[in-house]
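Q: what's the 3D shape of this:
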Amino acid sequence: MSAFVLRTVTYAPIAEVLAAHGLRTVADTSRSYPQRLFTDGREQRYAVEAVRALGLDPADRETSGRFHATLYESRG
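A: Predicted coordinates:
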């Protein structure tokens, strides 16, 4: 199973449920995938803060004006 997950949220709870069903989840952190533009500065500030709260760096990603996603692959 493949999932593109916005960097503003954690995928850990989903990965835990998948693990309980025998699937191992790996994140491709070598790159991110640009998503839609932010609707306004408030949404961008939210995204930048959320990414930082997860211990990630928003530089050249969310700070550039778009949400970004990480690819997660789950296999049995």
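
Q: ok, the longest strand along the chain: who's next to it in the sheet?
A: In the chain, taking DSSP state E as the definition, the longest strand is strand 24-37. Paired with strand 24-37 in the same sheet, following DSSP bridges, are strand 66-75 (antiparallel).

Q: what about the strand it pairs with, distance to the chain center?
A: Here strand 66-75 is found 5 Å from its chain centre; the criterion is CA atoms, centre = their mean, to the nearest Å.

Q: quick one: list the elements packing against the top helix by length along the chain.
A: Identified as the longest helix of the chain according to DSSP state H is helix 41-53. Judged by 3 or more CB pairs under 8 Å, 6 or more residues apart in numbering; DSSP states H and E, helix 41-53 has no packing partners among the helices and strands. Where C-beta positions appear, they are placed from N, C-alpha and C, glycine not excepted.

Q: which residues does the closest residue to Pro34 other than its chain neighbours form beta bridges with?
A: In this structure, Pro34 finds its nearest non-sequential neighbour in Arg66, 4.8 Å apart by CB to CB, 6 or more residues apart in numbering. Per DSSP bridges, the residues bridged to Arg66 are Leu37.

Q: check contacts around the closest residue to Tyr46 other than its chain neighbours.
A: Among residues not flanking Tyr46 along the chain, Thr8 sits closest, at 7.5 Å (CB to CB, 6+ apart). Residues near Thr8 by CB atoms under 8 Å, 6 or more residues apart in numbering: 46-47, 50-51, 54, 62, 67.

Q: how far off centre is the helix or strand harbouring Pro13?
A: For Pro13, the enclosing helix or strand under DSSP states H and E is helix 12-20. Mean-position distance between helix 12-20 and its chain equals 15 Å (CA atoms, centre = their mean).

Q: any idea how many residues pack against the residue nearest to Gln35 when sequence neighbours are not counted?
A: Excluding its sequence neighbours, the residue lying closest to Gln35 (CB to CB, 6+ apart) is Phe67, at 4.0 Å. Counted by other CB atoms under 10 Å, the residues lying close to Phe67 total 20.
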